[in-house]
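Trainee: Provided below for reference: sequence and predicted model.
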Amino acid sequence: MPDTPPDASPAPGGLSRRAVLGLGGGLAVVGAAVGLGVGRLTAPEPASTSSGTRTYPFTGAHQAGIATPAQDRLYLAAFDLTTSSRDEVVALLQRWTTIAARLTQGLSAGPYGPASGPYDAPPDDTGEAADLPPAGLTITFGFGRSMFVGSDGADRYGLASRLPGALVDLPHFPADNLDPARTGGDLVVQACADDPQIAVHAIRNLSRAAFGSATIRWTQLGYGRTSSTSTAQRTPRNLFGFKDGTANVKAEETSALDEHVWVPASAASADSTDSRWMTGGSYLVARRIRMRIEPWDRTSLREQENLVGRNKGEGAPLSGGTEFTEPDFTASGRGGQPLIATNAHVRLAHPDFNAGVRMLRRGYNFTDGNDSLGRLDAGLFFIAFVTDPRTHYIPMQNQLSKSDGLMEYLEHTGSGLFAVPPGIEDGHFVLGADGTPLTTRHSPFVGQDLFA
Ligand SMILES: C=CC1=C(C)c2cc3[nH]c(cc4nc(cc5[nH]c(cc1n2)c(C)c5CCC(=O)O)C(CCC(=O)O)=C4C)c(C)c3C=C
Ligand SMILES: [Fe+2]
């Protein structure tokens, strides 16, 4: 069944991607800019309103890639800053913002594109997305705690006084088996698209633009989104074969987004530091969770459903009803046993057992080959966006790690927490004569208020 997110804006079918330059609400769409050398080489596949031609605005109160409909593919990269210069960090964020604004609208990374420009210089775009439509690409940037304070406590870029209280070091959770090479990072870039080549192209070109300032620390490829972020999307399935994302916070639930996802202005007044720059932002929690696929596949259907607390076919709670029926945790069956077991995942993750908190989940399946025993190295790359991880993630993870029956089949192998600043408001972008965003000191960039 095709997904048709309500707020997606298909690019005009059949036009070359270079004709599509709109950056969102307040910005002009410069049509038919043929000959400006700003786009990909050839037109995409014939006119279509498929997910391929979709674009999401780069500008807005919040960064895209959070409450926008979850695409099918992910490529996420955590970076370590290698420069000691604050100005270079700013310059990097300016370059990244410009490139991201262009790529998400179906343009090449630089104004010349992959096959024009000075012949003796490398092309300003690597080229592997040249003939492809934008595929709903979103690029979301975030900052790790280590950018504010180094492991030795050093104020690396004069940002320590801006460290939000919520950007904590995540505690060690029971049964964590984290690989340092898959954990942490100064910066994160989440690229989501309906075509993996588009997501990989985005990270590759951003990584190239980081040369000399930052290097990739770890990356994760994901496929088959494991959540819905819009009521218009069907609920997908994770690698345990269960529907995942049924009770997720959805884009249409604007008051739930305000309560559980976006950082309110009041958060800054509770901080001893000046964290006002995070108002309207969110916190991205990433956990690479390996799933023990082989033993799971030898487990009875009864046991699988009891561990999750929902049935496998429809995703309905074991207390009865259909997929979107609220679970009844008081319902009991034969012998007075609760229909949804006390160690069932959906019970322990439900707001009723977590002080009312919810989270916007945006995770993906992953399969990274196999280990030396032939077991799949596969699982769920869990991503959640929350207003404050101290209230909206850490207590729930502690509870799940201690008591969730599913934990017998899970191993957390990577982790990251990042402060995702708000978006760049429409109309604030400085455009060049050809309608493309410029890299100038006057152009806004993602996270600009942090450096103000
Ligand atoms: C700390 C937060 C969570 C982790 C880690 C997590 C891992 C995880 N979850 C599944 C499968 C399912 N999760 C479901 C619901 C659900 N999970 C969380 C949180 C974490 N999950 C929440 C907040 C919820 C919603 C609870 C509610 O409000 O009812 C479900 C049921 C369908 C759904 O609502 O999405 C499934 C299935 C796996 C396999 C997994 C680790 C690999
Ligand atoms: Fe879950």
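Mentor: Cool, the structure landed. Computed from a predicted model, the values in this text were never measured in an experiment. Ligands and ions are numbered 1, 2, ... in the order given.
Trainee: so Ala251 sits against Ala67, correct?
Mentor: Yes - the criterion here is CB atoms under 8 Å, and Ala251 meets it with Ala67 at 4.4 Å. Where C-beta positions appear, they are placed from N, C-alpha and C, glycine not excepted.
Trainee: quick one: common contacting residues for these two?
Mentor: Counting by CB atoms under 8 Å, 6 or more residues apart in numbering, the contacts common to Ala251 and Ala67 are Thr229, Leu257.
Trainee: which SS state does the closest residue to Asn354 other than its chain neighbours fall under?
Mentor: The shortest distance from Asn354 to any non-neighbouring residue, by CB to CB, 6 or more residues apart in numbering, is to Met396 (5.1 Å). Of the three states, Met396 takes helix according to DSSP: H, G, I helix; E, B strand; the rest coil.
Trainee: first-to-last residue distance for stretch 289-304?
Mentor: Length of stretch 289-304, first residue to last, CA to CA, to the nearest Å: 18 Å.
Trainee: who touches it?
Mentor: With contacts defined as CB under 8 Å, 6+ apart, stretch 289-304 is touched by 238-242, 312, 375-382, 408-413.
Trainee: which of the helices or strands spans Thr98?
Mentor: Thr98 is part of helix 86-103, with elements assigned from DSSP states H and E.
Trainee: output the contacting helices and strands for that helix.
Mentor: Contact analysis of helix 86-103 by 3 or more CB pairs under 8 Å, 6 or more residues apart in numbering; DSSP states H and E lists strand 138-144, helix 196-209, helix 448-451 as its packing neighbours.
Trainee: nearest to Ala77, out of those?
Mentor: Ala77 lies closest to helix 196-209 among the helices and strands packed on helix 86-103, at 4.9 Å (CB to CB).
Trainee: show me what the closest one is in contact with.
Mentor: Residues outside helix 196-209 that contact it (CB under 8 Å, 6+ apart) are 73-77, 79, 92, 95-96, 99-100, 103, 109, 125-126, 128-129, 132, 134-135, 137, 139, 189, 191-193, 216, 219, 221, 223.
Trainee: nearest to ligand 1, of the helices and strands packed on helix 86-103?
Mentor: Closest to ligand 1 of those is strand 138-144 (CB to the nearest ligand atom; 18.0 Å).
Trainee: for the closest one, give me every contacting residue.
Mentor: Taking CB under 8 Å, 6+ apart as the rule, strand 138-144 contacts 56, 58, 63-66, 68, 71, 78, 93, 96-97, 100, 103-104, 167, 184-193, 202, 206, 284, 416-421, 446-447, 450.
Trainee: at 7 Å instead, please
Mentor: 56, 63-66, 68, 96, 100, 103-104, 184-192, 202, 284, 416, 418-420, 446-447 (CB atoms under 7 Å, 6 or more residues apart in numbering).
Trainee: that one pairs with which strands, and in what direction?
Mentor: strand 187-193 (antiparallel), strand 410-420 (antiparallel) (DSSP bridges).
Trainee: for the closest residue to Asp124 other than its chain neighbours, what are phi and psi?
Mentor: In this structure, Asp124 finds its nearest non-sequential neighbour in Gly110, 2.6 Å apart by CB to CB, 6+ apart. Backbone torsions of Gly110, given as degrees, to the nearest 10, read phi -120, psi 170.
Trainee: now Gly110: how far from ligand 1?
Mentor: 39 Å (CB to the nearest ligand atom, to the nearest Å).
Trainee: can you give me the strands for the stretch 1-150 of the chain?
Mentor: Here the stretch 1-150 of the chain has its strands, by DSSP state E, counting those that start in this stretch, at 9-10, 54-55, 73-81, 138-144.
Trainee: which of those is buried the deepest?
Mentor: strand 138-144 (a mean of 26; mean count of other CB atoms under 10 Å).
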